[in-house]
Structure formats: structure tokens, C-alpha cells
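**Student:** The amino acid sequence is not available; the structure is as follows:
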């Protein structure tokens, strides 16, 4: 095939090629989200895609995956922001075959097909305000047209009924944002696609999906990718639901919410509606052969679940995949920074355990939350007692390692048919920790997460995390003590400062905040996220407190009025006494004595130095104060 090279204007500052519709002062890299688990999926696609010599990367978020591509591949990157293009052009000095284009997607016309096209942003991020509108189906057809025969497309498609949209309360603010310029513009769809419309959009582009992943926890965060196999299979489904619930709970901890995101995420997976309600989908597709069936799914086998850890320093994070192997689901771990282990102070993470069988069962936290939601205290007691026995038994230390029991909190413990085990056994705590401290640590972690999310529970709405943890510890026959809480708080503060990064001051603040957060669920809550039940309880407490204060104010006002009446009566009596003839006769006869006493007092004060008078006054004041304290 003959290749015709197109002529583009070149930016003198960076060497990037300008295709038209550039945004000169806007930066998407400064506002865009991370790639999350997409880097791990790209590695799986590259292993099975064969020869990938030409790659097209569309958008700012996909441009973060350039480092994961093969060094000998010719890579074209298209972004609409000129500052972003200049920033990405600096990579061309470190990587041969990289060409950066700047402008709108509607102005870009490649000369030849690509073996791999990656687009992780929506059409609104790939086009500028002066571009002609493009529908979602046309967006897919355009990228499919740029694929070479046998090429692969990785694209994200937003869901109109996404999980994150169900929690969106500040609709007006989101509609008025700068990145919502496309709303109402001609050519763009009025809404995003529904899941039932995704297959039709792929068919219109003549694409066959090798894999469709539900991306969580939000459109701008792709930390977890769950395929259809992970939803239908009970083993991976329980693991995926636990991961999604934890991600959604953490994501909405700083956002306004009227329901518990954790419990709702579990219900979505139990109902089998994770794909229908996922914030977006990541589709891996290929062109349909001219004589082949449409949508047969005969492409390469991809992982069922991919997860990334987006919090903490990079040297502590790992990428997780779950794949099918010999009729078992196996999870493989890969560190972000290549190393055998990471150790700092008393925290250690072992990266050598790269392949383990996925335990089958629900997490202990999910079971405890379900028991709390229905008010079954007896079921909570049974689970807590089993948890305490497992922590103290030799089987628990043997199955996960004695040093890993510190990280065996309910959200990381899976309850199987044969007992309990940890889902992630890579973490180690090298310090000494008593059995009571291990149980208190796990129960405090569960109590904080339960109360912060505003989930249903059978105890009083205003109970503190430490009070709830103490109640749960009493169910297991463990005595609560402040020394054990202090030991746990210091260990948790050290873990936070090591993994998240920070100095001794930050660790001291984390320790103080840990203790304070245990005393009250309201001081421990970060952000405005509260459950509807907790919001009603808070409103009731405020109304009751206001009613009590109003009663106190009314009582004080009545007392003040009574004292005013008494003072008026005393002033009237005093005026009557001073106006009587006997009072005036007494004042006349005692006048010489009062004049003599006043004259003697003035003479004595003038003879005594002023410094002595001040000292005498202080002595008298101290004597009076001491007499008042004794009385």
C-alpha cells in the first residue's frame, strides 16, 4: 500500500504537529485521572496481540500508557491541549518513533492503519469547543476505521446510568463546570450510552468485543476492571464485590451521599447488575472479519479481573490480576516498582508471592455489615467469636503467617467453608503484637468503617468507634484497656506514615487523630459523606439539644425577671428609709465621727509608701481568696 504523507504545521517550541483545533491555554493532563488497572490490561493485550508495530494513543489519560508500549513500536499520540503536547514531546527525546499531534479528533486523519488504538477518554476530551459534534457511535466508527486488519482497540465508554451518577447530588455545579462545554452543542448525543446500547454501537462500527470490563469506582478512576466472567462466577464475584465495595466506600468518603456506597456496591454485585451500573466500560475489540461471524468472542483470553492500588507511595503498591488456570481462579501480583520486598521500620511487604489461589467466600466485613443491617446481634456475636478464635488459634498463624495477622482486618479476611483466611498475605508487621491487640485492631478498623459510612446497625446512632469496638470485643470475652488501644493507635499511625509518606510530625498527628477519631464517629469522619440514617439521627440530636437550650433560656429569663422585681423592691425600701426623719437625725449626729475617721484615713495613707500599700492589698486579696476556697 502506498503511504501519502500529510503536511502539518509544526510547533516550534516542541516539534509537535498541529492538526487544527488546538487549545492554547488549557491542560487536560493537569485535570485528568489516572490509568489505574489499564496498564496491566495493556500488558495482557500486548502479550496476545502479536506484532504491534504501529500504535495510536488518543487523549491525555491514554498518553500515560506510552511507557508500557514496546520500545520498537511507532507511537502516535493525539491530544487537544498545546501545553500537554509540549510536555509529551519531551518523551520523544527518550523514545524513538514517538510522534505527538495536537488538535481535535475531527481534524485528525492518519495515513495508514494501526495495530493498536488506545482511547481512555470520552469524545468530549478529544475534541475542542470549535469542533463539529460527534456521537458516541460515530466516535467508535471513526476509531474502527483507523484500525489495521487484525488490529485491536482499547476504548472506554461512559455509562449514563453509572454507579457514580446515582450518588451525584451537586448536579448544577457539575453541569456548569468548564469541561461540560459540549452539553447542548450540535452533533453530540444528549446522553451517554446504556449497557443494552453498547452492543449496537459496536456492531455499527463493525467491531467484535474480545472483552468488556466494568470500570470502577468512577469515570475518572479506573482502579478496578471486572469482566463478565468475574460477575457470573461466584468465586471471583465475591472477590470483585469486596474490592468494588471498598473502592466505592473510599471514593465517596469525601463526597456528599445519602446512602452507604459500600452496601449498595455489594447489592449491585449480588443482583448481577455490575455491568449495567458500572460508571464506564473498557472494551477490547477487533474488526469483524469479512466472512466471519459477528461478536463470536474468539479473541485472546484476557484476565477476568484487574485491580490497582492507587493510594500510598509507589514502592508499596501492587497490580493484581485474576485469571483462570487449571480449573482454578489464580491471582497474580506484580509490584509497581520492581523489587523482591519493601521494608521500612516495622512494615514489610513481600513481593515474592506472585501467584495464589483465590479463596472462595465472602469477606468478614460483608458478613458483619449484613448482620448489622438486619439487627441480628446474635449473628454478629458468632462472627466476632469465630474471628477471635481464628486469630488466637495456631491455624490462623499457620495459614497466613504470624506476622500477617496484624493485617487480618475484617475487610481482608475471607470466610470460606473450611474456616477463615486472608485475601492479601503480602503484608507483614515485624513488631510484637498481643492477641488482644490484634483483635482490637481488627474491630476498631471495622467499627470506624461501619460508622463513617453511615450504614445500618442495631446500636445507638451516636455510638463512637471505640465504644462499638469495645462492645464487639466484649462479645469475644476480651477485656478492653486503654493501654491496648494506645498500642494499636501507635502501630496504625506508624503504618500510615510509612505507606503514605511523612515525617515524625505527621505520624504524631496521625496518632492523635487516631485516638480522637475513636472517641467520636463525627470527629473521625473525613468529608461530608453521611448515610441517610445518620443524617436523620444528627438532625434529631440537634433538635433535641436546641429544645433543651430553649428551656434553659426560658428558665434563666424567668429567674432574671424575678431578681429584677426583688431588686426593685429593695431599692424602694432603701429610698423609703433614706427619706425618713430618723435616718436624717442619725446622719446629722454621726457626721463629726465620720469626718474624723476619713481625715485620719487620708493622713495614714499619705504617710505609708505606695509600694507597701500595693503589697498589703495583694496580701489581703490572697487571704480573702483562701478563705473563700476553704468555705
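**Tutor:** Looks like it came in fine. Note that this is a predicted model, so its numbers are computed, not measured.

**Student:** for residue 157, what are its contacts?
**Tutor:** With contact taken as C-beta atoms under 8 Å, 6 or more residues apart in numbering, residue 157 is in contact with 136, 140, 192-193, 198, 201, 280-281, 283. C-beta: built from backbone N, CA, C; applies to glycine.

**Student:** quick check, nearest of these to residue 84?
**Tutor:** residue 280 (21.5 Å; C-beta to C-beta).

**Student:** out of the contacts of residue 157, which one sits closest to residue 508?
**Tutor:** Nearest to residue 508 among the contacts of residue 157, with distances taken as C-beta to C-beta, is residue 280, at 40.6 Å.

**Student:** As TSV, the contacts of residue 157 with pLDDT and neighbour count would be great.
**Tutor:** Compiled in TSV, the contacts of residue 157 are given as follows (pLDDT from 0 to 100; neighbours: other C-beta atoms under 10 Å):
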residue	pLDDT	neighbour count
136	85	20
140	90	26
192	85	17
193	88	21
198	89	19
201	89	19
280	88	25
281	89	21
283	91	21
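
**Student:** any idea how far residue 119 is from residue 288?
**Tutor:** Using C-beta to C-beta, to the nearest Å, residue 288 is found at 19 Å from residue 119.

**Student:** next one: residue 343
**Tutor:** Here residue 343 is placed at a distance of 40 Å from residue 119 (C-beta to C-beta).

**Student:** Following the chain onward from the lowest-mean-pLDDT helix or strand in the chain, which element is next?
**Tutor:** Using mean pLDDT, DSSP states H and E, helix 171-175 stands out as the lowest-scoring helix or strand of the chain, at a mean of 51. Using DSSP states H and E, the helix or strand that directly follows helix 171-175 along the chain is helix 195-204.

**Student:** Where do the helices of the stretch 1-150 of the chain begin and end?
**Tutor:** 38-48, 82-89, 123-126, 136-145 (DSSP state H, counting those that start in this stretch).

**Student:** mind checking the longest helix of the protein?
**Tutor:** The longest helix of the chain (DSSP state H) is helix 532-578.

**Student:** Need the three-state assignment for residue 514.
**Tutor:** Assigned state for residue 514: helix (three-state reduction, DSSP: H, G, I helix; E, B strand; the rest coil).

**Student:** Tell me which residues touch the closest residue to residue 220 other than its chain neighbours, please.
**Tutor:** Leaving aside its sequence neighbours, residue 220 sits nearest to residue 33 (C-beta to C-beta, 6 or more residues apart in numbering; 3.5 Å). Residue 33 sits next to 61, 218-222 when contact means C-beta under 8 Å, 6+ apart.

**Student:** ok, so of the residues you listed, who is nearest residue 263?
**Tutor:** Closest to residue 263 out of these is residue 218 (17.8 Å), distances taken as C-beta to C-beta.

**Student:** Please name the nearest non-neighbouring residue to the closest one.
**Tutor:** residue 164 (4.3 Å).

**Student:** Including distance to residue 387, could the helices of the stretch 1-150 of the chain go into JSON lines?
**Tutor:** Supplementary listing: the helices of the stretch 1-150 of the chain in JSON lines, determined by distance: least, C-beta to C-beta, whole Å:
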{"stretch": "helix 38-48", "distance to residue 387": "32"}
{"stretch": "helix 82-89", "distance to residue 387": "50"}
{"stretch": "helix 123-126", "distance to residue 387": "46"}
{"stretch": "helix 136-145", "distance to residue 387": "47"}
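
**Student:** if we can go back for a sec, next structured bit after the longest helix of the chain?
**Tutor:** helix 581-589.

**Student:** elements contacting that next one?
**Tutor:** The helices and strands touching helix 581-589, judged by 3 or more C-beta pairs under 8 Å, 6 or more residues apart in numbering; DSSP states H and E, number zero.

**Student:** residues in contact with it?
**Tutor:** Applying C-beta under 8 Å, 6+ apart, the external contacts of helix 581-589 come out as residue 577.

**Student:** Show me which positions of the helix or strand following it end up buried.
**Tutor:** Going down the chain from helix 581-589, the next helix or strand is helix 591-607, by DSSP H and E. Neighbour counts using 16 or more other C-beta atoms under 10 Å place no residue of helix 591-607 among the buried ones.

**Student:** Next secondary structure element downstream of helix 591-607?
**Tutor:** Following helix 591-607 toward the C-terminus (DSSP H and E): helix 610-630.

**Student:** Give me the helices and strands touching that following helix, please.
**Tutor:** Helix 610-630 packs on no helix or strand, going by 3+ C-beta pairs under 8 Å, 6+ apart.

**Student:** and it with helix 591-607, angle?
**Tutor:** 110 degrees (axes from the mean of the first three to the mean of the last three C-alpha atoms, to 10 degrees).

**Student:** So for helix 610-630, mean pLDDT?
**Tutor:** Helix 610-630 comes out with an average pLDDT of 75.
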